[in-house]
Structure formats: C-alpha cells, structure tokens
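K.L.:
My questions concern the predicted model and sequence given below.
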Amino acid sequence: ITDVMADNREVSASGWMVKEKTWERMQIKTFQNWINSHLRWRGLKVEDLSADLGDGVKLCELLEQISNEKIPHKKKVLGRHQAIDNLQNAVKYVEQFYKQAGIKIFTSAEDIVDANMNAILGMVWVVIHKYTVSHILEAGAAAKEGLLLWCQRNTQGYANVKVENFTTSWKSGTAFLALIHNVDSSLVNFAEVDPENGVANNALAFKLAEEHFDVAPLLDAEDVAESPRPDEKSVITYIASMWESFTKIRRRIKSQKIILKAVQENLENKNARSKYVSKAEAIIDFCNKWQPTLSNPDGIMSSFKGVQEAYMEFDDFVHEDLPTYEAAMMEAETAITSLNRKLAAQKRDLFAPPENVSLETLKAKWSDLQAAKEPYNVKLEELVSKLVSDTFSVFDLDNSNSLSLDELEAGFHSLEMGITRDEIKALLADAGEEEMSPESFGQVLRSMLNVAVTEGNLRKAFESLAADAPGNQLTADQLGFLPASEREFVLSAGLQPATITVQEGTEQVSKDVEGLIIDNAVTKCLHDE
C-alpha cells in the first residue's frame with residue numbers, strides 16, 4: 001500500500017494510457033461501484049465520484065457504514081465551509097489508515113472539495129485496503145500477497161489459468177470462472193470455456209458472482225479483457241470482494257457441517273442411550289422372571305408332569321435363554337463403556353442411566369440369578385433321580401430289577417404317556433435288552449422328560465408333512481399315519497380347498513384337494529382337549 005498514491009499516474013511504456021488514462025477511468029468506475037455497494041444500505045448513491053463526495057455527507061455515511069462507528073457530520077451542507085467541516089472529520093478518521101500503511105502524503109479536505117481526482121482515488125483506495133484487503137490472511141501471507149496466494153491455490157490445476165498478478169492474469173476471464181467453479185462446479189462448464197473470449201468470460205463471471213454469491217459487479221468486462229494491463233487496484237478490489245463472499249460461504253458450509261455433525265452425534269448418542277436402556281430392561285425382566293423360580297426349588301412338583309415341566313423349562317433356561325442374556329449383558333456393558341468414551345471425546349456429559357437400569361443394578365441382578373441357578377439344578381437332579389428310581393420300582397411288579405414288555409406298557413400307560421406297545425419294543429431293541437435294566441430305563445425316562453408338545457415342535461412336524469403342498473396346507477392323506485380318532489381330531493380344525501403339486505410319471509401336475517391350514521392344526525392341538 002506504500003505506493004498507493006504513486007501508482008496513480010498516466011505512464012505506460014507503450015504510451016497507450018497517456019491520452020485516455022485508462023487506469024483512471026477503470027479505477028473511478030470500480031471505486032465508485034465499491035462505494036455504492038455499501039451506500040445502498042443507507043439509500044444513497046454516488047453518481048460522480050469527483051463531485052458527490054465534495055460535501056462530505058456521503059463520505060461520512062460510507063465510513064459509518066463500513067466501520068460501525070459514528071463520524072460527526074452535517075447532512076445538510078450550506079456552502080464550502082460546512083463541506084470542509086464534514087470532510088475534515090472524515091479525513092481525520094482516515095488518516096490513521098495512512099499512518100498504519102506508512103504513507104506520509106495525506107488527502108486533505110480541500111483536495112476532495114476541489115475534486116482532485118488523484119487525491120480522491122488515493123483516499124478511497126486507502127479505505128478499500130483497510131476494510132477489504134488488509135485483513136486477508138492465507139497460509140501466513142497477508143493482504144495483497146495473501147489474496148494472490150488464495151487465488152493461486154483455488155485456481156491450481158485449471159486449464160488456461162495461471163495467476164501471477166492482479167493485472168494480465170485476469171484478462172481472459174478464465175481465472176474468475178475458475179474461482180467460481182472451485183466454489184460451485186455446477187455453475188460453470190469449465191471444459192467449454194474459451195480463453196480467447198475474454199469479454200464473454202468476464203461478463204459471465206461477474207454475472208454469476210453477483211447472482212449466486214452477492215458479489216457486487218465492480219468491474220466492467222470490456223475494461224478487464226481489452227486493456228493491455230488492467231488496473232491492479234481495481235482487480236484487487238473486486239477479487240477481495242469475491243474472497244470475502246466465498247470465505248463466508250465456506251465458513252457457513254463448515255458451520256453447517258459442524259452443526260450437522262453435532263446433530264448426528266446427538267441422535268446417535270440418544271439412540272445408543274435408548275438401546276442400552278431397552279437392553280437393560282429386557283435383562284432385568286428376564287432376571288425378575290426367573291429369580292422367584294430359581295430361588296424356590298422346593299416349589300417343583302414331584303409328579304412326572306411337574307418334574308417334566310420344570311426339567312424342560314430349566315433346560316431351555318440353561319441352554320437357550322441364559323447364553324442369550326449373558327451375551328446381552330456383555331453387549332450392555334460394552335455399549336455403555338463405548339458410549340461414555342465417545343461422550344468424553346465429544347466433551348459431553350457422560351451417560352448415567354437411571355438407577356433401576358444402571359450397570360450396577362444389572363450386575364447385581366445377574367449375580368443373584370447365577371447364585372440361585374446351582375441350588376435349583378441340584379434340587380431338580382435329585383427329583384429326577386428319585387422319579388426314575390420310584391417309577392422303576394412301581395413298574396417292576398415282580399421285583400426282578402428289570403422291566404418286561406408288559407411291565408413297561410402298564411407303567412407308561414399309568415403315566416398317560418401315550419407310548420404304544422410297538423414303540424416300547426423299539427426302545428428295548430435300541431437298548432439291546434429283552435427286559436429293560438434300571439440304567440436303560442433311566443436314560444429312556446430322562447429323554448422323555450425333555451420331550452413336550454410345544455407350538456414350535458408341532459409346527460415343525462406339520463410343515464415337514466406339508467413340504468410338497470403349497471399355501472402352508474397339508475392334506476388328509478398326509479395324516480394317514482395317525483390313528484383314526486386322532487386324525488379326525490386334527491382334521492376337525494377345518495379343511496379348505498387347496499392345490500398341491502404331485503409327481504405323475506415323469507411330470508409334475510397340479511391337483512385340487514381338501515387341505516388343512518397348518519396354523520389351524522397347531523392351534524387345535526395346543527388348545528383343544
């Protein structure tokens with residue numbers, strides 16, 4: 001900025017500026033547009049830069065707008081004396097910027113009121129530099145150098161773009177379009193940009209920047225494209241406006257990402273809390289369901305049916321439920337540990353579950369359940385052993401310490417186990433015995449304790465029968481193996497028209513039959529006597 005005044009000359013090696021002073025014409029337009037981009041918020045506009053700042057009103061309003069400070073001035077000026085009073089207040093405010101930049105030649109109030117264009121342009125540039133350029137920082141480089149580095153970084157890799165300065169590097173318009181494309185690639189089809197069409201490229205860039213990023217069109221497309229060397233300060237002023245807008249956009253996008261991340265984290269944390277609580281409640285419900293049973297082994301009924309029911313329930317408890325909920329316990333502990341580690345990393349309050357579902361409560365409930373399991377198991381084994389011994393003694397009518405076919409048939413019938421004589425023969429054959437020994441009987445009876453009519457067992461049985469029948473139905477023929485009374489009982493659940501596929505010779509054909517819906521058959525067998 002130290003050459004802020006010195007650059008305002010009509011000197012050119014080729015002499016092209018001497019008559020037209022193109023730099024001054026371009027600078028006047030750019031600076032006037034920049035001033036108006038701020039004065040619009042106050043309902044003011046500069047039409048003639050050399051004359052409209054002369055009474056000091058618009059200059060003071062501009063400084064107030066961009067600084068958010070109060071600049072004393074009269075809004076209705078009568079004569080040169082009052083104009084100079086206004087301008088002195090403005091100039092005095094701007095002098096600090098000259099000093100900060102090390103500039104010893106100041107613009108005076110008289111320079112402005114007398115329409116000294118060089119002095120006016122110099123002062124406006126000092127203001128622009130202060131409020132638009134000086135605060136730019138990019139990778140340690142500040143102001144003009146920082147802005148140039150920002151341009152180079154954000155246009156790197158673009159075809160026909162090489163930013164080396166704030167003059168000739170921008171004539172083709174490709175650098176402006178590259179900056180826009182870098183922010184929003186949907187706005188520019190860069191592959192179709194013709195570097196030879198500078199006016200059109202600049203016009204497009206300025207239009208897009210205004211419409212999509214609210215960057216005031218400070219430059220004229222023809223001025224930039226057709227000047228042998230566009231005015232540096234004008235180009236810097238415009239690009240600094242792009243930097244400010246694009247930086248705000250990136251900050252806003254970054255803020256949105258931060259907010260989105262925070263919202264996502266909150267949602268994930270909330271779901272993790274809910275998931276833990278649900279899992280903990282399920283574990284506690286499981287413990288509360290089983291604790292009374294396991295804590296009262298004396299409550300097991302000593303009858304065959306009573307022992308069978310307890311034996312099967314405990315077997316399911318040990319081999320199915322317990323492993324499932326043991327895994328759930330580990331998952332719950334891992335979940336709350338993982339969640340609190342995550343919350344600590346996010347600098348959030350750790351999750352402290354309600355006491356009724358706290359990890360300590362879970363561990364206490366689980367410990368009590370495990371402690372009650374072994375005494376219950378011991379008691380159940382005692383009852384099973386006694387049941388086997390007592391039942392054998394009751395069956396052994398001749399006290400031969402073995403059970404004949406007749407004794408087994410009578411005994412199983414007395415227990416209402418529904419085992420036929422042929423099935424008993426099969427059991428003896430499997431044991432390799434003519435009469436069943438106590439050991440074999442113990443194995444048979446224990447195996448029978450763990451067989452029950454459940455919905456799952458029934459459904460699997462019926463589905464295996466109906467494997468070839470569509471519509472989840474089975475036919476009366478598929479129940480032919482049942483005794484007549486039992487077949488009629490099952491079929492009373494209600495037959496419906498059905499179509500099955502059967503093999504006839506080498507072909508599969510469809511056949512209409514009366515079919516039984518498996519759901520109905522299962523319900524019938526479970527709930528009807």
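P.N.:
Now that the structure is in, tell me what you want to look at. Keep in mind the model is a prediction, meaning the values are calculated, not measured. Numbers count the residues shown, from 1 in each chain.

K.L.:
Regarding residue 474, what is its secondary structure?
P.N.:
Of the three states, residue 474 takes strand under DSSP: H, G, I helix; E, B strand; the rest coil.

K.L.:
can you check residue 160 too?
P.N.:
coil.

K.L.:
Could you report the neighbour count for the closest residue to it other than its chain neighbours?
P.N.:
Sequence neighbours aside, residue 195 is the residue nearest to residue 160 in space, at 4.1 Å (criterion: C-beta to C-beta, 6 or more residues apart in numbering). (Each C-beta comes from the backbone N, C-alpha and C, glycine too.) Residues lying near residue 195 (other C-beta atoms under 10 Å) number 15.

K.L.:
Need the pLDDT of residue 195.
P.N.:
We have a pLDDT of 95 for residue 195.

K.L.:
can you pull the contacts of it?
P.N.:
Residues near residue 195 by C-beta atoms under 8 Å, 6 or more residues apart in numbering: 160, 172-174, 201.

K.L.:
go again using 6 Å as the cut-off
P.N.:
The neighbours of residue 195, taking C-beta atoms under 6 Å, 6 or more residues apart in numbering as the test, are 160, 172, 174.

K.L.:
give me the element residue 497 is part of.
P.N.:
strand 495-504 (DSSP states H and E).

K.L.:
before we move on, what about residue 279?
P.N.:
Using DSSP H and E, residue 279 falls in helix 232-294.

K.L.:
what packs against that helix?
P.N.:
The helices and strands touching helix 232-294, judged by 3 or more C-beta pairs under 6 Å, 6 or more residues apart in numbering; DSSP states H and E, are helix 22-39, helix 322-345, helix 359-395.

K.L.:
For the helix or strand that comes right after that helix, name the packing helices and strands.
P.N.:
Counting by DSSP H and E, the next helix or strand C-terminal to helix 232-294 is helix 304-316. With contacts defined as 3+ C-beta pairs under 6 Å, 6+ apart, the packing partners of helix 304-316 are helix 359-395.

K.L.:
For the helix it packs on, which helices and strands make contact with it?
P.N.:
So helix 359-395, by 3+ C-beta pairs under 6 Å, 6+ apart, packs with helix 232-294, helix 304-316, helix 438-449.

K.L.:
Lowest average pLDDT across these?
P.N.:
Mean pLDDT is lowest for helix 438-449 out of the helices and strands packed on helix 359-395, coming in at a mean of 82.

K.L.:
can you state the direction angle for that helix and helix 359-395?
P.N.:
130 degrees (axes from the mean of the first three to the mean of the last three C-alpha atoms, to 10 degrees).

K.L.:
ok, and what's touching helix 438-449?
P.N.:
Here helix 438-449 makes contact (C-beta under 6 Å, 6+ apart) with 308, 311, 388, 392, 403, 427, 431.

K.L.:
Could you list the buried residues of that helix?
P.N.:
When burial is assessed from 16 or more other C-beta atoms under 10 Å, helix 438-449 yields the following buried residues: 440-445, 448-449.

K.L.:
Helix, strand, or coil at the residue nearest to residue 160?
P.N.:
Residue 195 ends up coil, using three-state DSSP.

K.L.:
Pull up the gap between it and residue 242, please.
P.N.:
19 Å (C-beta to C-beta, to the nearest Å).

K.L.:
low-confidence ranges in the stretch 301-450 of the chain?
P.N.:
For the stretch 301-450 of the chain, the stretches with pLDDT under 70 are 416, 450.

K.L.:
any idea which residue sits dead centre in the chain?
P.N.:
The centre of the chain sits closest to residue 264, judged by C-alpha atoms, centre = their mean, with a distance of 5.3 Å.

K.L.:
quick one: contacts for that one?
P.N.:
If a contact means C-beta under 6 Å, 6+ apart, then residue 264 has no contacts.

K.L.:
From what I see, residue 223 and residue 25 are in contact.
P.N.:
No: with contact defined as C-beta atoms under 6 Å, residue 223 does not reach residue 25; the gap is 7.6 Å.

K.L.:
more neighbours, these two?
P.N.:
Taking neighbours as other C-beta under 10 Å, residue 223 and residue 25 compare with residue 223 leading, 21 against 16.

K.L.:
can you pull the contacts of the more buried one?
P.N.:
Residue 223 neighbours (C-beta under 6 Å, 6+ apart): residue 26.

K.L.:
Mind doing that once more with 7 Å?
P.N.:
Neighbour list for residue 223: 26, 230 [criterion: C-beta atoms under 7 Å, 6 or more residues apart in numbering].

K.L.:
Which strand or helix spans it?
P.N.:
With secondary structure defined by DSSP H and E, residue 223 is part of helix 221-226.

K.L.:
which parts of that helix are buried?
P.N.:
Going by neighbour count (16+ other C-beta under 10 Å), the buried part of helix 221-226 is 221, 223-225.

K.L.:
So for stretch 74-83, mean pLDDT?
P.N.:
In this model, stretch 74-83 has a mean pLDDT of 91.

K.L.:
start to end distance for it?
P.N.:
In terms of C-alpha to C-alpha, to the nearest Å, the two terminal residues of stretch 74-83 are separated by 8 Å.

K.L.:
separation between residue 88 and residue 54?
P.N.:
Distance of residue 88 to residue 54, given as C-beta to C-beta: 13 Å.

K.L.:
out of these two, which sits in the more crowded spot?
P.N.:
Neighbours per residue (other C-beta under 10 Å) separate residue 88 from residue 54, with residue 54 holding more: 22 against 17.

K.L.:
Do you know the pLDDT at the closest residue to the more buried one other than its chain neighbours?
P.N.:
In this structure, residue 54 finds its nearest non-sequential neighbour in residue 113, 5.0 Å apart by C-beta to C-beta, 6+ apart. Here, the pLDDT recorded for residue 113 equals 93.

K.L.:
now swap in residue 464 and tell me
P.N.:
On pLDDT, residue 464 comes in at 65.
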